[in-house]
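K.L.:
Here is a sequence together with a model predicted from it:
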Amino acid sequence: MPDKKRLREGQPITIMYVIDTCIAPPGGPQRGGAEKQLLLLANSLNKDFFRPIIVQLIPASATPVSVGKIDDVEFIHLPTTRFYSPNGLRQIVHLASMARGKSVSIIHTFFEKAEVMGWLAKRLSGVPVWVTSRRDLGFKRKKVYDRIFKFASKDCTCCIANCQAIKGQVVGQEKLDPNKVAVIYNGLDIAPFQRSLNRGAFRKEIGVDNNTPLIGMVANFNFEIKGHQYFIEAAKRVLEAIPEAQFVLVGEGQLRRNYEEMARSWGIQGSVHFLGKRDDVAEIFPQLSVSVLCSTSEGFSNVILESMAAGKPVVATNIGGNPELVAAGVTGHLVPPADSGSLAEAIVSLLNDPGMCRRMGENAKGQVADRFSIPAMVEGYEHLYRTLATELLM
């Protein structure tokens, strides 16, 4: 068990982050928002007070780093298949042993496998603080994990949600004490989204000029909840009102072909560009006229944050954490989910009023800088960690 003497002597608080998925080093492609946020957080913590360690559980052998460092953060790959397999049980014991050996004071977990393994390792090692995370509304979570979470999460010291909507679901479904659930919004490095290095090369790439209305959505094609169907239906309606409009879809996944066929069947394939996975979204967002996110389930959207940082009005569905980001009529429009008519109407209203587009974009840029900066996020986590560590000394 981490000794309190270390904390009293002012030594850094050791935090072991455990995550199911793969963390790539800076410059490498990240798989999702949680991975980006974790690496950003670990690298931004004040190293005079905090010592972060990242443990990734992804079983694939081809990982960017096995054991070593990403910048100043210690990094360990602990490949784990199923946590209830012989391999998984051995890795839980290994994780607990590492926590003891490294004098870990806080275990902070991300996603399902990490939640179970981190919880058990906490109990085996005697680590006093376990922080768990909820970063979406659980649309892809298996039912067995819902049952495990309701039991295991009662043992957590604190649960961090990245928006109020997710906190509400955690309190309602998992029956956690609201006082144990903290909301810390994601942070964003806004600089890459506020300058264009390619000077409009993206528009040239897809064959449109600077005067063409360009509407875009960035979302993977792995789940129907991302709402690509409604984006394409809305595109057809928008083109009836503004024939010169063009649409771009950034993302990859097994459902992509279905939506490409949908666009062809409606004869709008020449106006809808499927771009696949791109590593230059920071260059794409500034070239859009309007950014869209029409998911039918959403927690806290980094895509909306990035769109706003680029100074673009956003049309988003009025679900989950979206209303916490998009101020209706100020930084964009909120529309009902699964309603392509309302989506198209909101897009057309923006395209027909360039002045309103510019005002909303400027408002959006200011809101990101004020409320969703990296310093604001890091300050929230550091305050929480200090509070939890202080309680250990009482």
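P.N.:
Looks like it arrived, so ask away.

K.L.:
Poorly predicted segments of the stretch 51-200 of the chain, please.
P.N.:
For the stretch 51-200 of the chain, the stretches with pLDDT under 70 are 61-66, 139-142, 144-145, 195-199.

K.L.:
can you give me the strands for it?
P.N.:
In order along the chain, the stretch 51-200 of the chain carries the following strands (DSSP state E, counting those that start in this stretch): 67-70, 73-77, 106-110, 129-134, 158-161, 181-183.

K.L.:
Need the winner for burial among those strands.
P.N.:
For the strands of the stretch 51-200 of the chain, the largest average neighbour count (mean count of other Cβ atoms under 10 Å) is found in strand 106-110, namely a mean of 27. Every C-beta, even on glycine, is put in place using the N, C-alpha and C of the backbone.

K.L.:
list the helices and strands the strand or helix carrying F247 packs on?
P.N.:
Assigned by DSSP states H and E, F247 belongs to strand 246-250. Applying 3 or more Cβ pairs under 8 Å, 6 or more residues apart in numbering; DSSP states H and E, we find strand 246-250 packed against strand 214-218, helix 228-241, strand 272-276, helix 281-284.

K.L.:
what angle separates it from helix 228-241?
P.N.:
170 degrees (axes from the mean of the first three to the mean of the last three Cα atoms, to 10 degrees).

K.L.:
Quick one: residues in contact with strand 246-250.
P.N.:
206, 208, 212-219, 228, 231, 235, 238, 259, 271-278, 281, 284, 288 (Cβ atoms under 8 Å, 6 or more residues apart in numbering).

K.L.:
Narrow those residues to those that are buried.
P.N.:
Among those, those classed as buried by neighbour count (16 or more other Cβ atoms under 10 Å) are 208, 213-219, 228, 231, 235, 238, 259, 271-275, 281, 284, 288.

K.L.:
any idea which helix or strand comes after the strand holding F247?
P.N.:
helix 256-265.

K.L.:
what comes into contact with that next one?
P.N.:
Helix 256-265 has contacts (Cβ under 8 Å, 6+ apart) with 221, 228-229, 232, 235, 249, 269, 272, 274, 276.

K.L.:
could you give the angle of that helix to strand 246-250?
P.N.:
170 degrees.

K.L.:
Pull helix 256-265 out as PDB, backbone CA atoms only.
P.N.:
Provided in PDB are the C-alpha atoms of helix 256-265 (Å, rounded to 0.1, in the frame of the first residue of the first chain):
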ATOM      1  CA  ARG A 256     -19.400   3.200 -45.400                       C
ATOM      2  CA  ARG A 257     -20.400   1.200 -48.500                       C
ATOM      3  CA  ASN A 258     -24.100   1.200 -47.400                       C
ATOM      4  CA  TYR A 259     -24.100   5.000 -47.300                       C
ATOM      5  CA  GLU A 260     -22.200   5.400 -50.600                       C
ATOM      6  CA  GLU A 261     -24.900   3.300 -52.200                       C
ATOM      7  CA  MET A 262     -27.600   5.400 -50.600                       C
ATOM      8  CA  ALA A 263     -26.000   8.600 -52.100                       C
ATOM      9  CA  ARG A 264     -25.800   6.800 -55.600                       C
ATOM     10  CA  SER A 265     -29.400   5.600 -55.400                       C
END
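
K.L.:
Return the set of buried residues in it.
P.N.:
Across helix 256-265, burial judged by 16+ other Cβ under 10 Å covers 256, 259-260, 262-263.

K.L.:
Tabulate the residues you listed (a markdown table), appending pLDDT and distance to P128.
P.N.:
A markdown table is the format used below for the buried residues of helix 256-265 (pLDDT from 0 to 100; distance: Cβ to Cβ, whole Å):
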| residue | pLDDT | distance to P128 |
| --- | --- | --- |
| R256 | 97 | 47 |
| Y259 | 98 | 49 |
| E260 | 98 | 53 |
| M262 | 97 | 53 |
| A263 | 98 | 55 |
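
K.L.:
Tell me how many other residues surround the closest residue to K277 other than its chain neighbours.
P.N.:
Counting by Cβ to Cβ, 6 or more residues apart in numbering, K277 lies nearest to E252, which is 4.2 Å off, once chain neighbours are set aside. Residues near E252, counting by other Cβ atoms under 10 Å, number 14.

K.L.:
Report the contact partners of E252.
P.N.:
220-221, 276-277.

K.L.:
Report the contact partners of V131.
P.N.:
Residues near V131 by Cβ under 8 Å, 6+ apart: 106-109, 156-160, 384, 388.

K.L.:
cutoff 7 Å now
P.N.:
Taking Cβ atoms under 7 Å, 6 or more residues apart in numbering as the criterion, V131 is in contact with 106, 108, 156-158, 160.

K.L.:
repeat for N186
P.N.:
Each residue near N186 by Cβ under 7 Å, 6+ apart is listed here: 37, 162, 300, 302, 305, 372, 377.

K.L.:
Tell me how this protein divides into domains.
P.N.:
4-187+373-392, 191-371 (automatic domain parsing).

K.L.:
F149 contacts Q173, correct?
P.N.:
No - counting by Cβ atoms under 7 Å, Q173 is not a contact partner of F149; they are 8.8 Å apart.

K.L.:
For these two, work out which one has more neighbours and name it.
P.N.:
Neighbours per residue (other Cβ under 10 Å) separate F149 from Q173, with F149 holding more: 24 against 13.

K.L.:
How much space separates that one from G101?
P.N.:
28 Å (Cβ to Cβ, to the nearest Å).

K.L.:
thinking again about what came up before, would you format the strands of the stretch 51-200 of the chain as JSON lines with distance to L41 included?
P.N.:
JSON lines is the format used below for the strands of the stretch 51-200 of the chain (distance: least, Cβ to Cβ, whole Å):
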{"stretch": "strand 67-70", "distance to L41": "12"}
{"stretch": "strand 73-77", "distance to L41": "10"}
{"stretch": "strand 106-110", "distance to L41": "9"}
{"stretch": "strand 129-134", "distance to L41": "11"}
{"stretch": "strand 158-161", "distance to L41": "11"}
{"stretch": "strand 181-183", "distance to L41": "14"}
